[in-house]
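**Student:** coordinates only, sequence not included:
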């Protein structure tokens, strides 16, 4: 089964790429960071990339996609959730997000409200499924996306604060390469490797 990982920013996809390529050496990843693409071509590039990944024209097993911030990530989850309904037997969806001191419940509620605002004849919804699982330094929360009589699971993998806190990144003083190196360094930690090994 193929997997899609949606995240906030490039540091997240950097971590995901390093960890998942280490754990799943026989699987191929595709990475798409919205920050790296110009706005005028972005929608066409993004739509084409997602469509080809879903429709088996891609030889990749995992899609790692950063959205350029938490608000855009919430919108992307709401948007992509309904689009995956035709591919339920072939895809798993993960959301990697920083809580910034907030809660997963709040994030799920925000996405649910966006789904409700997009609904026409039928209402789509997202709600928690099961208990929150601590998996240091992450928290794991399963949720259920529902639309008409269809539903599937979306797994949230979140840090209580931020990835930058865990990696000791200072965005004001660390260069892009220094940030990437710090992320790659923590990607080798046993606790982080075990979280993704057990929960993806």
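**Tutor:** Received the coordinates, thanks. Computed from a predicted structure; not experimentally measured. Numbers count the residues shown, from 1 in each chain.

**Student:** quick one: residues contacting the nearest residue to residue 69 once chain neighbours are set aside.
**Tutor:** Nearest residue to residue 69, sequence neighbours excluded (CB to CB, 6 or more residues apart in numbering): residue 8, at 6.0 Å. (Each C-beta comes from the backbone N, C-alpha and C, glycine too.) Residues near residue 8 by CB atoms under 8 Å, 6 or more residues apart in numbering: 66, 67, 68, 69, 70, 73, 96, 97, 98.

**Student:** between the residues you listed, which is nearest residue 155?
**Tutor:** residue 96 (9.5 Å; CB to CB).

**Student:** so the closest one, which of the three states?
**Tutor:** Three-state call for residue 96 (DSSP: H, G, I helix; E, B strand; the rest coil): strand.

**Student:** what's the next secondary structure element after the lowest-mean-pLDDT helix or strand in the chain?
**Tutor:** Across the helices and strands of the chain, mean confidence by mean pLDDT, DSSP states H and E is lowest for helix 39-54: a mean of 69. Downstream of helix 39-54, the first helix or strand assigned by DSSP states H and E is strand 62-66.

**Student:** gap between that next one and the chain center?
**Tutor:** 7 Å (CA atoms, centre = their mean, to the nearest Å).

**Student:** then stretch 99-107?
**Tutor:** 15 Å.

**Student:** buried ones in stretch 168-178, by neighbour count?
**Tutor:** By 16 or more other CB atoms under 10 Å, the buried positions in stretch 168-178 come out as 169, 174.

**Student:** now the end-to-end length of it.
**Tutor:** 11 Å (CA to CA, to the nearest Å).

**Student:** now swap in stretch 144-157 and tell me
**Tutor:** 14 Å.

**Student:** packing partners of the longest strand along the chain?
**Tutor:** Identified as the longest strand of the chain according to DSSP state E is strand 124-135. In terms of contacts (3 or more CB pairs under 8 Å, 6 or more residues apart in numbering; DSSP states H and E), strand 124-135 is packed against helix 70-83, helix 104-118, strand 138-147, helix 190-199.

**Student:** how about those, which one is nearest residue 27?
**Tutor:** Short answer: helix 190-199, nearest of the helices and strands packed on strand 124-135 by CB to CB, at 12.4 Å.

**Student:** now the closest one: buried residues?
**Tutor:** 192, 193, 195, 196.

**Student:** ok, the last one touching residue 18?
**Tutor:** No: at 10.1 Å, residue 196 and residue 18 do not qualify as touching, with contact defined as CB atoms under 8 Å.

**Student:** contacting residues around whichever helix or strand residue 19 is part of?
**Tutor:** Assignment of secondary structure by DSSP H and E places residue 19 within helix 10-23. Surrounding helix 10-23, the residues in contact under the criterion CB under 8 Å, 6+ apart are 5, 7, 27, 29, 31, 33, 35-36, 62, 64-66, 96, 163-164, 167, 169, 179-180, 183-184, 186-188, 192-193, 196-197, 200.
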